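Student: turn this into a model:
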Amino acid sequence: MKHDSDVVIAGGGLNGPALALALAGAGLRVSVVDAQAPRARAAAGFDGRAYALAIASQRLLAAVGVWPAVSAKAQPIWHVHAADGRAGERSAPFGLRFDAAELEGGPVGYMLEDRFLAVALADAMAASARISFIPATSVIAQEPGSAGVSVTLSDGRGLTARVLVGADGRRSEVAERAGIRRTGWGYGQTALVCALDHERPHNGVAQQVFLPTGPLAILPLPGNRSSIVWSETDANARTLASLADADFLALLRTRLGDHLGPIALAGPRFSYPLNLTLANAYVAPRVALVGDAAHGVHPIAGQGLNLGLRDVAVLAEVLVEAARRGEDIGAADVLDRYQGWRRVDATLLALSMDAVNKLFSNDNPLLRAGRDLGLGLVQSAPFLRRAFMRQAAGLSANPPRLLAGQQL
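Tutor: Below you'll find the model as predicted:
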């Protein structure tokens with residue numbers, strides 16, 4: 001089979017382009033097929049969508065050449081506070097406090113807006129001679145074979161490659177066509193997302209307040225501005241989403257407290273239902289899944305994009321090393337190396353976040369006392385606290401090269 005590309009990636013969000021850049025930088029030819037129009041996500045106006053990037057994720061973006069274009073727009077996270085709370089009350093005195101000084105001399109992580117990261121990835125792909133970007137088009141059919149995979153696009157074109165990567169989200173059509181089933185459940189919660197302007201500085205502090213109806217994240221952005229991810233029961237969220245801005249802010253203040261001073265909306269409000277969805281396999285004949293196509297998780301710790309970029313780092317390393325050894329990069333044993341490296345880790349982290357959400361999203365007094373005591377014990381044990389920090393930062397003992405900031 002003559003291949004148009006070594007790899008076809010279905011999905012041009014964030015994980016797909018990051019993977020394309022990693023592979024192209026190591027000499028592979030890549031086609032990225034994106035259902036959205038060019039730069040559809042890169043509107044000039046501020047819309048509040050932002051990501052908490054772990055240090056390992058920032059290193060990957062540096063290794064694929066994207067970080068220099070966004071570093072000046074990123075907000076370092078210097079401290080992380082997590083505690084129980086109730087509407088109208090101060091957070092519990094017991095809680096976790098992570099400080100950047102306990103890591104490796106830099107921040108705990110970074111906050112970066114979607115509009116800046118999307119543009120930087122698109123610009124980097126456009127500058128690569130090894131990447132073919134096909135926007136406003138979908139993959140509608142795929143046929144794996146012994147020598148490669150044939151892909152049909154929505155505009156009637158066909159592509160051939162050695163591997164098809166599904167980076168097409170929680171309802172991955174690539175996974176569905178490959179016969180990969182999913183396991184998961186809804187949380188009965190909806191995330192309300194917005195950004196705020198506020199009078200007082202946030203000092204680079206990211207906060208997670210565990211309220212009885214769902215967690216509230218207050219995440220620092222450049223200037224006196226913060227990103228809000230407020231998880232509420234579905235019924236409460238429907239009511240909140242229907243409120244006028246002034247009424248919405250009045251209720252949000254009862255959850256935030258007054259440490260930021262007067263607040264105002266800095267862009268539109270969004271809402272989306274929360275669920276857990278895990279692919280029962282990450283690979284199929286000539287197919288690999290990354291990001292939400294492999295694992296859609298609760299946003300409780302801001303780990304969704306970080307998990308996806310870990311997939312990117314591992315899959316890119318596996319494919320590039322196989323290519324350099326002269327192997328068929330789409331062979332089952334090659335793709336199984338990726339699945340073996342990633343699936344257990346990603347599943348355990350997803351289920352851990354699921355358990356934390358269930359443990360904290362209630363007002364049972366016994367559970368409340370036990371979890372507050374547990375948070376206090378971790379806070380008082382430096383070894384445990386640093387272990388939590390390193391896990392959240394993606395600083396494992398033997399990371400894939402891209403997560404260590406090394407090119408392939």
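Student: what does the strand or helix carrying residue 159 rub up against?
Tutor: Element membership for residue 159, per DSSP states H and E: strand 158-161. Applying Cβ atoms under 8 Å, 6 or more residues apart in numbering, the contact partners of strand 158-161 are 1-8, 31, 33, 148-153, 330. All C-beta atoms are positioned from the backbone trio N, CA, C, and that covers glycine.
Student: output the below-cut-off pLDDT ranges for the stretch 1-150 of the chain.
Tutor: For the stretch 1-150 of the chain, the stretches with pLDDT under 70 are 1, 39-48, 85-95, 103-105.
Student: so which of the contacts of strand 158-161 sit within helices?
Tutor: Among the contacts of strand 158-161, DSSP state H puts none in helices.
Student: for PyMOL, write the selection for the buried entries among those residues.
Tutor: Of those, the buried ones can be selected in PyMOL as follows, counting by 16 or more other Cβ atoms under 10 Å:
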select buried, resi 3+4+5+6+7+8+31+33+148+149+150+151+153+330
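Student: among the contacts of strand 158-161, which lie within strands?
Tutor: Among the contacts of strand 158-161, the ones falling in strands (DSSP state E) are 7-8, 31, 33, 149-153.
Student: now for those, which pair is the farthest apart?
Tutor: Pairwise distances across the ones in strands among the contacts of strand 158-161 peak at 16.7 Å for 7 and 152 (criterion: Cβ to Cβ).
Student: returning to what we had before: how about the ones in strands among the contacts of strand 158-161 in JSON lines, adding distance to residue 292?
Tutor: JSON lines is the format used below for these (distance: Cβ to Cβ, whole Å):
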{"residue": "7", "distance to residue 292": "19"}
{"residue": "8", "distance to residue 292": "18"}
{"residue": "31", "distance to residue 292": "20"}
{"residue": "33", "distance to residue 292": "17"}
{"residue": "149", "distance to residue 292": "21"}
{"residue": "150", "distance to residue 292": "25"}
{"residue": "151", "distance to residue 292": "20"}
{"residue": "152", "distance to residue 292": "23"}
{"residue": "153", "distance to residue 292": "21"}
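Student: so which of those is the closest to residue 54?
Tutor: Relative to residue 54, the closest of those is residue 7; by Cβ to Cβ it sits at 25.0 Å.
Student: quick one: the strands in the stretch 51-200 of the chain?
Tutor: Taking DSSP state E, counting those that start in this stretch as the criterion, the stretch 51-200 of the chain carries its strands at 75-77, 79-84, 95-99, 109-113, 131-134, 139-144, 149-153, 158-161, 163-166, 182-198.
Student: in its sheet, what does the third one sit against?
Tutor: This points to strand 95-99. strand 79-84 (antiparallel) (DSSP bridges).
Student: chain center to the partner strand, what's the gap?
Tutor: 20 Å (Cα atoms, centre = their mean, to the nearest Å).
Student: cool, stretch 18-29 as well?
Tutor: Centroid displacement of stretch 18-29 relative to its chain, using Cα atoms, centre = their mean, is 20 Å.
Student: tally of neighbours for the nearest residue to residue 120 once chain neighbours are set aside?
Tutor: Nearest residue to residue 120, sequence neighbours excluded (Cβ to Cβ, 6 or more residues apart in numbering): residue 69, at 4.1 Å. By other Cβ atoms under 10 Å, 16 other residues sit near residue 69.
Student: and residue 69, what does it touch?
Tutor: Residues in contact with residue 69 (Cβ under 8 Å, 6+ apart) are 119-120, 123-124.
Student: hey, where'd the helices end up in the protein?
Tutor: Assigned by DSSP H, the chain shows helices spanning 15-25, 55-63, 67-70, 114-126, 173-177, 234-242, 245-256, 304-324, 332-360, 365-380, 382-393.
Student: okay, those, which one's buried deepest?
Tutor: Comparing the helices of the chain by mean neighbour count (mean count of other Cβ atoms under 10 Å), helix 15-25 ranks first with a mean of 28.
Student: packing partners of that one?
Tutor: Counting contacts by 3 or more Cβ pairs under 8 Å, 6 or more residues apart in numbering; DSSP states H and E, helix 15-25 packs against strand 7-10, strand 30-33, helix 55-63, helix 114-126, strand 131-134, helix 304-324.
Student: among these, which is nearest residue 214?
Tutor: Nearest of the helices and strands packed on helix 15-25 (Cβ to Cβ): helix 304-324, 16.1 Å.
Student: tell me the angle of that closest one relative to helix 55-63?
Tutor: Counting by axes from the mean of the first three to the mean of the last three Cα atoms, to 10 degrees, helix 304-324 points 50 degrees away from the direction of helix 55-63.
Student: could I get the CA-only coordinates of helix 304-324 as PDB?
Tutor: Below are the C-alpha coordinates for helix 304-324, written out as PDB (Å, rounded to 0.1, in the frame of the first residue of the first chain):
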ATOM      1  CA  GLY A 304      -8.200  16.500  31.300                       C
ATOM      2  CA  LEU A 305      -5.800  18.100  28.900                       C
ATOM      3  CA  ASN A 306      -2.800  17.000  31.000                       C
ATOM      4  CA  LEU A 307      -3.900  13.400  30.700                       C
ATOM      5  CA  GLY A 308      -4.300  13.900  26.900                       C
ATOM      6  CA  LEU A 309      -0.800  15.300  26.600                       C
ATOM      7  CA  ARG A 310       0.600  12.300  28.500                       C
ATOM      8  CA  ASP A 311      -1.000  10.100  25.800                       C
ATOM      9  CA  VAL A 312       0.600  12.300  23.100                       C
ATOM     10  CA  ALA A 313       4.000  12.000  24.700                       C
ATOM     11  CA  VAL A 314       3.800   8.200  25.000                       C
ATOM     12  CA  LEU A 315       2.200   7.500  21.600                       C
ATOM     13  CA  ALA A 316       4.700   9.800  19.800                       C
ATOM     14  CA  GLU A 317       7.700   8.100  21.500                       C
ATOM     15  CA  VAL A 318       6.400   4.600  20.700                       C
ATOM     16  CA  LEU A 319       5.700   5.400  17.100                       C
ATOM     17  CA  VAL A 320       8.900   7.200  16.500                       C
ATOM     18  CA  GLU A 321      11.100   4.600  18.100                       C
ATOM     19  CA  ALA A 322       9.300   1.900  16.100                       C
ATOM     20  CA  ALA A 323       9.900   3.800  12.900                       C
ATOM     21  CA  ARG A 324      13.600   4.200  13.600                       C
END
